[in-house]
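Undergrad: Just need the structure, nothing else, for what follows:
(one chain, ligands or ions: 2)
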Amino acid sequence: MVRFSEVPQMNEISKTRQCSHMISSQKLQNSSENAEQSMKAYQKKIRRNRKKHFFELFQNEPEFRWKQIEQAIFKKKYYGWKDITTLPKHITAELEKKIPWMSIEPVKIFESERKDTYKAILKTENGEEFESVLMKNKRDQWSICVSSQIGCAMGCRFCATGKIGLKQNLTSDEIMDQYRFWNTFLLKHPNLPQRISNVVFMGMGEPLANYENVKTTIQTWLNVTDLGNTRITVSTVGLLPILDQLLKDPQWPDVKLAISLHSADSKTRQEIVPTSMQQFLPKLEEWAKKYLQKHGNKRHHLTFEYVMLRDVNDTLKNAILLANFARSIDNVKINLIPYNFIDDAPYQKSTNESINRFVRVLEKNGITVTVRKTMGDDIAAACGQLIQKKYP
Ligand code: SAH
Ligand code: SF4
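TA: Residues are numbered from 1 along each chain as shown. Ligands and ions are numbered 1, 2, ... in the order given. A predicted model of the protein is given here:
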């Protein structure tokens, strides 16, 4: 059974609720007020890029001014524009009026029973909701699992996000602000460890289908936070044309990549990942070799993820196929993911015996393999469970 427990003392949450209550209970007095309201509603639909908006407002400001601002908004203990004391007063005043400090706001936050996972439902300026997850990691620090899109067009059969289709891409501000949001959350909970040490793009959406915004986000984090490139992982279903583009793009940041393989048998992969085409496996093999060549000796820069579905892709034959595929590429790590149950999907978790058998076959073939720890499944925050309809 799914159990939810709400985090107490969340100021942002109560503020949001108060606001919507005030709007709904307030009677509009005349038509000009009505017009004003619809103008505001219309303006709310527009999500403006923070940097672009800034230079529209301050056309004569030099580029370094934005750099200064971007550094500052990622600083812990800054809660609003007025905290940036190094800015000229007229700029701060205008920023306060015109540009929201955060591009996203919390609607609700859930805490897992073990208090090692938190899931936030966040809202964009145009009122769409999505989810972001904070998970405790081995170092007793935090990893955040960020979303890159609301919904996803890829429709993988075992994934709840895929079931809702694509609603919209998140902007780079909305992706990068998930880091800022969780930082502020931790500050407000001083009893929790304070450092976010890792980011994984394993929330809602397919990051490579929102390439430019994901790229800008990662570049910004690498510039203004203490996250290093080996602490950021982009997980992708494996969009081959974009994987090729990434290989040629000198601006693409050198972060870790995880490819959701899920089967080394073409037919099975096509069944569970409908975007997969017949030639996917040989083309991926070719691509992965080029990628590893480019990244040379950086061990484990590339991982294949493999969700374990009972009697679908977890037999001995499947394990041997996977071992052969991984060996044909060399130096790839395999991450087995226990299936997290979702509604309306015909799948079951693999048994521990099947998972252990997989591990044994892979290890015997000299392949590094890990089994992902399931976290936050009691608050529907585990891999593949991120959707919006299942709120209590
Ligand atoms: N779109 C990207 C990233 C988001 S999904 C991708 O597919 O890689 C992040 C990971 O969760 C992927 O490896 C995905 O296959 C896995 N996943 C999706 N649904 C799942 C489920 N129900 N149980 C376990 N893992 C799941
Ligand atoms: Fe999209 Fe990834 Fe879910 Fe597939 S697993 S539907 S690519 S989010």
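
Undergrad: Around ligand 2, which positions in this structure sit nearby?
TA: Taking C-beta under 6 Å from any ligand atom as the measure of proximity, the chain contacts ligand 2 at 152, 154-156, 159, 161-162, 205-206, 237, 260. Any C-beta I mention is one placed from the backbone N, CA and C, and that applies to glycine too.

Undergrad: Just the buried ones among those, please.
TA: Buried by 16 or more other C-beta atoms under 10 Å: 152, 154-156, 159, 161-162, 205-206, 237, 260, out of those.

Undergrad: In helices, which of the residues you listed appear?
TA: The subset of these located in helices under the criterion DSSP state H comprises 161-162.

Undergrad: Which single one of the buried ones among the residues of the chain next to ligand 2 is nearest to F130?
TA: Nearest to F130 among these, counting by C-beta to C-beta, is G205 at 8.2 Å.

Undergrad: Enumerate every residue touching the most centrally placed residue in the chain.
TA: Among the residues of the chain, the smallest C-alpha distance to the mean C-alpha position (C-alpha atoms, centre = their mean) belongs to V146, namely 2.1 Å. By C-beta atoms under 8 Å, 6 or more residues apart in numbering, V146 lies in contact with 132, 175, 178-179, 199-201, 203.

Undergrad: Make a markdown table from the buried ones among the residues of the chain next to ligand 2 and add distance to G80 and pLDDT to it.
TA: Below are these laid out as a markdown table (distance: C-beta to C-beta, whole Å; pLDDT from 0 to 100):
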| residue | distance to G80 | pLDDT |
| --- | --- | --- |
| C152 | 33 | 97 |
| M154 | 38 | 97 |
| G155 | 41 | 96 |
| C156 | 40 | 97 |
| C159 | 37 | 96 |
| T161 | 32 | 94 |
| G162 | 37 | 94 |
| G205 | 29 | 98 |
| E206 | 34 | 98 |
| V237 | 38 | 98 |
| S260 | 39 | 98 |
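
Undergrad: could you pull out the strands for this structure?
TA: Secondary structure of the chain (DSSP state E): strands located at 104-111, 117-124, 129-136, 142-145, 149-151, 166-169, 196-201, 232-236, 256-260, 302-308, 333-338, 369-371.

Undergrad: Other residues contacting stretch 221-241?
TA: Among residues not part of stretch 221-241, those counted as contacts by C-beta under 8 Å, 6+ apart are 70-71, 74, 154, 156, 176, 179, 196-202, 206-209, 214, 218, 242-243, 253-261, 273, 275-276, 280, 283-284, 287, 303, 305.

Undergrad: same thing but 7 Å
TA: In this structure, residues lying in contact with stretch 221-241 by C-beta atoms under 7 Å, 6 or more residues apart in numbering are 70-71, 74, 154, 156, 176, 179, 197-202, 206-209, 214, 218, 253-260, 273, 275, 283-284, 287, 305.

Undergrad: any low-confidence regions in this protein?
TA: 1-45, 296-300, 383, 387-392 (pLDDT under 70).

Undergrad: For K289, see how far away the residue of it found nearest ligand 2 is.
TA: Of all residues in the chain, the one sitting closest to ligand 2 is G162 (2.6 Å; C-beta to the nearest ligand atom). From G162 across to K289, the span is 29 Å (C-beta to C-beta, to the nearest Å).

Undergrad: Out of the residues of the chain next to ligand 2, which are close to ligand 1?
TA: Checking the residues of the chain next to ligand 2 against ligand 1 by C-beta under 6 Å from any ligand atom, the ones in range are 159, 206, 237, 260.

Undergrad: Next, give me the two most distant ones among the residues you listed.
TA: Pairwise distances across these peak at 10.2 Å for C159 and E206 (criterion: C-beta to C-beta).

Undergrad: Disregarding residues adjacent in the polypeptide, which is nearest to the residue of the stretch 51-200 of the chain found nearest ligand 1?
TA: Evaluated by C-beta to the nearest ligand atom, the stretch 51-200 of the chain has C159 as its residue closest to ligand 1, separated by 3.5 Å. With sequence-adjacent residues excluded and distances taken as C-beta to C-beta, 6 or more residues apart in numbering, C159 is closest to G384, at 4.4 Å.

Undergrad: Neighbours of the one you found, how many?
TA: Around G384 sit 22 other residues, with neighbours defined as other C-beta atoms under 10 Å.
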